[in-house]
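**Q** Quick one: sequence plus predicted model below, questions after.
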Amino acid sequence: PASLRKLTGVGFWSGVIMLALAAAALLTRSAAWLSLGSLLFVLGLLLVSPTLVTPIAALFGRLAALLFARDGTAQLAEGNLERQPSRAALTASTTMIGLAILVMSAGMISSVAITFQRMLRTSLGSDYLLVPPAVATWGLSVGANPALAEELRAVDGVQVVSTLRFAGSQVDDLPISVLGIDPPAYEQTSGLTFDQGDPAAAYAQINAGRSVIVNGLLASGAGVKLGGTVNLLTATGETPYTVVGIGGDYLNAKLPTAYISQANIAADFGRREDVFYQINLKQGADPAAAEAAFKRLLQPYPQFKLVAGQAYIDQNLALFDAMFAGLYAMLIFLAIPSLIAMVNTLAIGVIERRREIGMLRAVGATRRQVRRVIVVEALILAAIGVAFGLLAGLYLGYMAVVALSAYGFSMDYAFPGSAIVVAIAAGLLFGVIAALIPARQAAGLPIVSALRYE
């Protein structure tokens, strides 16, 4: 038909090309192309949506017809939308954008939360922690000499004590943190989350020579590859280290970090003081007695705070819960412009169709049936917006996770199932709310004045 050919013109095919390019951008796993792909996807979806309104409206119209089979109001509402697909697409786009942001945020936050929770439990899963005042900004932390670690190991019931030592360095003008670990003790109390490399082999190689494990941020920022060489700036100049693994821990997830042996951090950086401790007790040990002993030993070291490992994990998990609460609060904020736009479109539709509404009333349509036409029309509009919003949100969420991985924040994508359910319910609910005023306005039109309307 001529109307379909008009809709499937330059704009439609431009949108199809943009969507294809956006899909291709995912395959590159390049941060720059992914950013461009997200823009192309949204623009492409907006360009193709007027053409898709008719088949989607027909689909949802059939579903609505099952609910209102007796009076044909669903077919009337569907026909109203199909006559003005561009306007319907524009109205639905406001719902689409709001729900796309919600679903994208939910997918990204869920992925970040799951990844960081896994790193949190892996890195800080010991029974007790001695935490400095400046966690993850180690240069501001005051350490203690190795004697404290030996005294802690001598406490009755202690199985193992692991310590971290810090030095600042550079790789090709990129400031980095260098942490010295003792692999045998470190593996017993915590560990790194590896993206590349075998953990057991990497830990063994660190102790055997000048080898290093780098986190994703350092690997991405300095272009470091597994098996390659990275030059760490030391007091005597640049010293080459072989990269035996790419992985990181929770505390240093936001900083480019290299992990070397404590022997090497002493030899190359002159660092022998411990800035962070993790302690595991033997099975059957008395925690109360151990804690009392730890507190006595820490009296000369006020820079350290004794924290139970599970309590520290719980504090960090509470931060993620707060992020999810903020996400659902954002839904209410994003729904306001969608609601206003839909009310405006439906109200304009009522004004433009005064004669049509008058004729419906003249041939016997009840006020209730007229109201139902407007409500069903709003529901179909909302359903179109929800469909586009879910599609855009899932793509953008996955794109964001892939982009973060490209920047060095390696993580797995978590499908936002609960957010999708919330988005569908919220989108349809706001569709009904948006229809209330226009539906009442349409039902209240006097038959005579509606028929005389020009």
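**A** Arrived safely, thanks for sending.
**Q** going forward, measure contacts between C-alpha atoms and count neighbours the same way
**A** OK.
**Q** Need the three-state assignment for Val224.
**A** coil (DSSP: H, G, I helix; E, B strand; the rest coil).
**Q** shouldn't it be in contact with Leu218?
**A** Yes: here Val224 reaches Leu218: they are 7.2 Å apart, a contact under C-alpha atoms under 8 Å.
**Q** out of those two, which sits in the busier spot?
**A** Set Val224 next to Leu218 and count neighbours by other C-alpha atoms under 10 Å: Leu218 wins out with 25 against 19.
**Q** Nearest residue to that one in space, ignoring adjacent ones along the chain?
**A** Spatial nearest neighbour of Leu218, chain neighbours left out: Pro256 (4.4 Å); criterion: C-alpha to C-alpha, 6 or more residues apart in numbering.
**Q** Select the longest strand from this protein.
**A** strand 158-171 (DSSP state E).
**Q** can you pull the buried residues of the helix or strand that that one is followed by?
**A** The helix or strand immediately downstream of strand 158-171 is strand 174-181, counting by DSSP states H and E. With burial defined by 16 or more other C-alpha atoms under 10 Å, the residues of strand 174-181 counted as buried are 176-181.
**Q** how far does whatever helix or strand comes next after strand 174-181 sit from the chain's center?
**A** Counting by DSSP H and E, the element after strand 174-181 in chain order, helix or strand, is helix 183-189. Remark: helix 183-189 is offset 31 Å from the chain centroid, using C-alpha atoms, centre = their mean, to the nearest Å.
**Q** ok, now stretch 123-132?
**A** 27 Å.
**Q** Stretch 146-155 too?
**A** That offset, for stretch 146-155, works out to 42 Å (C-alpha atoms, centre = their mean).
**Q** do stretch 158-172 as well
**A** Average the C-alpha atoms of stretch 158-172, do the same for its chain, and the two points are 30 Å apart (C-alpha atoms, centre = their mean).
**Q** Buried residues, it. List them.
**A** Neighbour-count burial for stretch 158-172 flags 158-171 (criterion: 16+ other C-alpha under 10 Å).
**Q** host element of the residue nearest the centre of the chain?
**A** Nearest to the geometric centre of the chain sits Met108, at 1.3 Å (C-alpha atoms, centre = their mean). Using DSSP H and E, Met108 sits within helix 85-123.
**Q** Next SSE downstream of that helix?
**A** Next element after helix 85-123 (DSSP H and E): strand 128-131.
**Q** on that earlier part again, tell me, how many residues neighbour the residue nearest to Leu218?
**A** For Pro256, using other C-alpha under 10 Å, the count is 24.
**Q** where along the stretch 201-350 of the chain do the strands fall?
**A** Per DSSP state E, counting those that start in this stretch, the stretch 201-350 of the chain carries strands over the ranges 211-214, 229-234, 237-248, 257-261, 276-281, 305-308.
**Q** I'd like to know which of the ones you listed lies nearest to Arg118.
**A** For the strands of the stretch 201-350 of the chain, the distance to Arg118 is smallest for strand 237-248, at 11.5 Å, taking C-alpha to C-alpha.
**Q** Show me which residues of the closest one are buried.
**A** 238, 241-248.
**Q** Name the nearest of the buried residues of strand 174-181 relative to Ile447.
**A** Using C-alpha to C-alpha, the buried residues of strand 174-181 come closest to Ile447 at Ile176, 76.6 Å.
**Q** Next up, the contacts around that closest one.
**A** 168-170, 218, 255-258 (C-alpha atoms under 8 Å, 6 or more residues apart in numbering).
**Q** farthest pair in the residues you listed?
**A** For these, the maximum inter-member distance is 13.4 Å, found between Gly168 and Leu218 (C-alpha to C-alpha).
**Q** Which secondary structure element is home to Val53?
**A** helix 31-67.
**Q** tell me the contacts of Tyr203?
**A** Applying C-alpha under 8 Å, 6+ apart to Tyr203 gives the contacts Pro183.
**Q** Quick check: the gap between it and Pro256.
**A** 19 Å (C-alpha to C-alpha, to the nearest Å).
**Q** go on, Ala365?
**A** On the measure of C-alpha to C-alpha, Ala365 and Pro256 end up 70 Å apart.
**Q** from memory Phe269 sits against Ala235, does it?
**A** Yes: judged on C-alpha under 8 Å, Phe269 makes contact with Ala235 at a distance of 6.2 Å.
**Q** which one of these two has more residues nearby?
**A** Ranked by neighbour count (other C-alpha under 10 Å), Phe269 and Ala235 place Phe269 first, with 18 against 12.
**Q** contacting residues around the more buried one?
**A** Counted by C-alpha under 8 Å, 6+ apart, Phe269 has contacts 167, 234-235.
**Q** nearest to Tyr277, of those?
**A** Nearest to Tyr277 among these, with distances taken as C-alpha to C-alpha, is Ala167, at 16.1 Å.
**Q** For Thr242, give me its contacts.
**A** Per C-alpha under 8 Å, 6+ apart, neighbours of Thr242: 210-212, 227-230.
**Q** again with Ser405
**A** Taking C-alpha under 8 Å, 6+ apart, one finds Met411 in contact with Ser405.
**Q** The strand or helix carrying it versus helix 85-123: what angle between them?
**A** Ser405 is part of helix 367-406, with elements assigned from DSSP H and E. Angle, helix 367-406 to helix 85-123, by axes from the mean of the first three to the mean of the last three C-alpha atoms, to 10 degrees: 40 degrees.
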